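Undergrad: Model the structure of this input:
(4 chains)
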Protein chains: 2
Amino acid sequence: MGRRGRVTREDVARAAGTSTAVVSYVLNEGSRPISPATREKVLRAMEEVGYRPNGIARALASGSTRTLGLVVPELGNQFFAALANALEAEASRHGLVLLLGDSAESVDRERSLVETFSARQVDGLIYVGVGAHDAVEIATSARIPVVVLDRVADDERAASVVIDNVEGAAGATRHLLEHGRRDVGAILGPSEVPTSLARFFGWRKAFEEAGLRPDDRFLQWAPFSKEGGYRAGLSLLGAEVVPDALFVASEDQALGLLCAAAELGVSVPGSLAVVSFDGTEASRYSVPPLTTVAPRFDEIARRTIDLLRAAPDAAPRAETCAADLVLRSSCGCQWPAGAPDRAGPPDSTEHPAPSDDERSHL
Amino acid sequence: MGRRGRVTREDVARAAGTSTAVVSYVLNEGSRPISPATREKVLRAMEEVGYRPNGIARALASGSTRTLGLVVPELGNQFFAALANALEAEASRHGLVLLLGDSAESVDRERSLVETFSARQVDGLIYVGVGAHDAVEIATSARIPVVVLDRVADDERAASVVIDNVEGAAGATRHLLEHGRRDVGAILGPSEVPTSLARFFGWRKAFEEAGLRPDDRFLQWAPFSKEGGYRAGLSLLGAEVVPDALFVASEDQALGLLCAAAELGVSVPGSLAVVSFDGTEASRYSVPPLTTVAPRFDEIARRTIDLLRAAPDAAPRAETCAADLVLRSSCGCQWPAGAPDRAGPPDSTEHPAPSDDERSHL
DNA sequence: CTGAAAGCGCTTACAG
DNA sequence: CTGAAAGCGCTTACAG
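TA: I've put the predicted structure just below:
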């Protein structure tokens, strides 16, 4: 055994009566033809001495760590947690491991995370970020493939995967209009965030398509947080003229809004119909359950990992994933569809039992 | 530059006119005394050639990767996401990086994650797990320090950090009794999970201390999920005899319960007072906002990283963190305390505005 | 204070 | 099909 008491390739070779190279060849199946007999011997020897390949040594010698770096703005946010979850699952499907970084929405911290990941020789970087440019620049100039999520990369050397924000928001708004609501307002994210802007355009687009004009008094730009949605809700619902429906640009904001509505005694969907964006499982058990434009986390994850695994010389691509309008009760839909009558109180059908989602493609 | 076009120590040494060893000494400040002049030269040379130390090579040579492995059962769960968040922040404070693994509550997947992390030579493993024994065994037998979170390790070679479940649950239940509720039921996790059992004991303990007897009809063992809480809620609240208060063993379950209560038209806290456990920010904006036994994520993270950084020969310790009862409105408290009257509907004070928490130590 | 060199545990042309 | 050996980019005794 090595000086640190670890079992190495050498121990295996000795036990198997072969060279150490053969041990490697057996380990990296397919790299070199090995006779079945030798292979057997080596495999048995590995078992016998309890050999565990040292991934760090492999990485140094091979030039690949089989590790991806993931930077998210805030893991406490369900949306990013769900994204991280899907990415981790997909990565692991390909034998890749994820280095996790939470930037706490700080550009400085983001930069330092990317530097750290770069120093650790990650094979790729997944960046869900605030101040895209810097962080991406650091990685690409270190020749690390980058996929930017949730926004299109400024840097042409980086690929990106985004949700179809305009269509998603338009679909959500359209649905509210179809429910007969006319004063459909919107709670958006910060006006300087591209994602937020795109959802604003989608909201407006639905009105234009319907030959209607949105009322700007029902529009609020707020932080992408529960508190942001809560405050925007208090402000919108506490005004002289109030909307009868709201498109809300994120799940967190929608949850905050529901809290505000409950506090003000505004019934949802009775007096206020709501459709949100980026919904996770939290939307399904909120009071009332939220109709939402749900990202396909699995598809996003699949595309992201595929882009990262693609030949490094492939031109970085910008991909767009569709999102699904998942109907629940906050928009005024009867949900779940075809639910049997219940012996509940009068308003119980406004908050029907969670069940299988009805995903309608936008 | 090396064959892969990377800038290495050698390039720095050449540019600085020193040996490569000196470059290392400058890099690893303090390992060897270096004259200020040489130091300057080397630093300038690094800058000049754009040198980035290769973390993998450092890891192989030094035997330390400065990487920690984290295994959680399910990142989609807010509680684990908040934990991961705190751990990542604390790790990064010490220049450590986190390898993330989501076991999807599968023991097999857990095992394979730990094997992977072990092969990657992590300096420590943080395990928030389902089937503790196997995974911990794999790590400890590879001489990797382990800290088990949220449950005491079976393996005496592993340290652990747990929340004081008995006291937390007792405090929550006591609070409900103090509100004058007598039929205080409980929704717990699976009966074979130690954490769940401990919270059950806490619930019972509060009754005993008060000279009362709990009613087993108001007790439900359910999965630690929103759906688990939802179903348990439907079952408890749909029965002939119903509780007037519930201690709920997790935030997810509590959110599910609120959904069930709303659907059945049971007002919270009017007809049903609720206190949950393991609350995150989600509890603050639920309808109504949930009173919860809130873990001190920062303290848990700090202790965990400290244990991992401790001398490897230090005897593994089991540490317990207190939890705080955070009062909001679901228990029947006036919240926020001293809120000004609002011109809202009659029941608006039952769902007061979220504001600063009032943490009362248990 | 500085340098030459062994070693970390692998991969992978290069010979045979 | 198998082996001897260079190399991945560092750290760190060992000499000076």
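Undergrad: Up against DNA strand C, what does the stretch 51-200 of chain A have?
TA: A:51-54, A:57-58, A:60-63 (Cβ under 7 Å from any atom of the strand). Glycine gets a C-beta too; all of them are placed from N, C-alpha and C.
Undergrad: If we ignore the residues flanking it in sequence, what's nearest the residue nearest the centre of chain A?
TA: Central residue of chain A (Cα atoms, centre = their mean): residue A:83, 2.8 Å from the mean position. In space, and not counting its chain neighbours, residue A:83 is closest to residue A:297: 6.1 Å by Cβ to Cβ, 6 or more residues apart in numbering or on different chains.
Undergrad: my guess is residue A:50 meets residue A:6, correct?
TA: No: counting by Cβ atoms under 8 Å, residue A:50 sits too far from residue A:6 to count as a contact (10.1 Å).
Undergrad: Looking at those two, which is more packed in?
TA: Between residue A:50 and residue A:6, counting by other Cβ atoms under 10 Å in any protein chain shown, residue A:6 is the more crowded of the two (15 against 11).
Undergrad: Let me see the contact set for that one.
TA: residue A:54 (Cβ atoms under 8 Å, 6 or more residues apart in numbering or on different chains).
Undergrad: ok, now with 10 Å
TA: By Cβ atoms under 10 Å, 6 or more residues apart in numbering or on different chains, residue A:6 lies in contact with A:51-52, A:54, B:63, B:121, B:142-143.
Undergrad: In terms of helices and strands, where is it?
TA: In the assignment (DSSP states H and E), residue A:6 maps to no helix and no strand.
Undergrad: Likewise for residue A:256?
TA: Using DSSP H and E, residue A:256 falls within helix A:251-264.
Undergrad: Next, work out how far apart the residue in the stretch 151-300 of chain A that chain B sits nearest to and DNA strand D are.
TA: The minimum distance from the stretch 151-300 of chain A to chain B, using Cβ to the nearest Cβ, falls at residue A:265 (3.2 Å). Distance of residue A:265 to DNA strand D, given as Cβ to the nearest atom of the strand, to the nearest Å: 63 Å.
Undergrad: these two touch, right, that residue and residue A:238?
TA: No: applying Cβ atoms under 10 Å as the test, residue A:265 and residue A:238 come out as separate, 11.3 Å apart.
Undergrad: before we move on, the earlier item: strand partners of the next helix or strand along the chain from the helix holding residue A:256, parallel vs antiparallel please.
TA: Where DSSP H and E defines the elements, the next helix or strand beyond helix A:251-264 is strand A:273-277. Sheet pairing for strand A:273-277, assigned by DSSP bridges, gives strand A:245-248 (parallel), strand A:291-295 (parallel).
Undergrad: now those strands as TSV including mean pLDDT and mean neighbour count?
TA: Listed next are the strands paired with strand A:273-277 as TSV, based on pLDDT from 0 to 100; neighbours: other Cβ atoms under 10 Å in any protein chain shown:
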stretch	mean pLDDT	mean neighbour count
strand A:245-248	98	33
strand A:291-295	97	28
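Undergrad: So for residue A:32, which of these sits nearest?
TA: Using Cβ to Cβ as the measure, strand A:291-295 is the one of the strands paired with strand A:273-277 that comes nearest residue A:32, at 43.9 Å.
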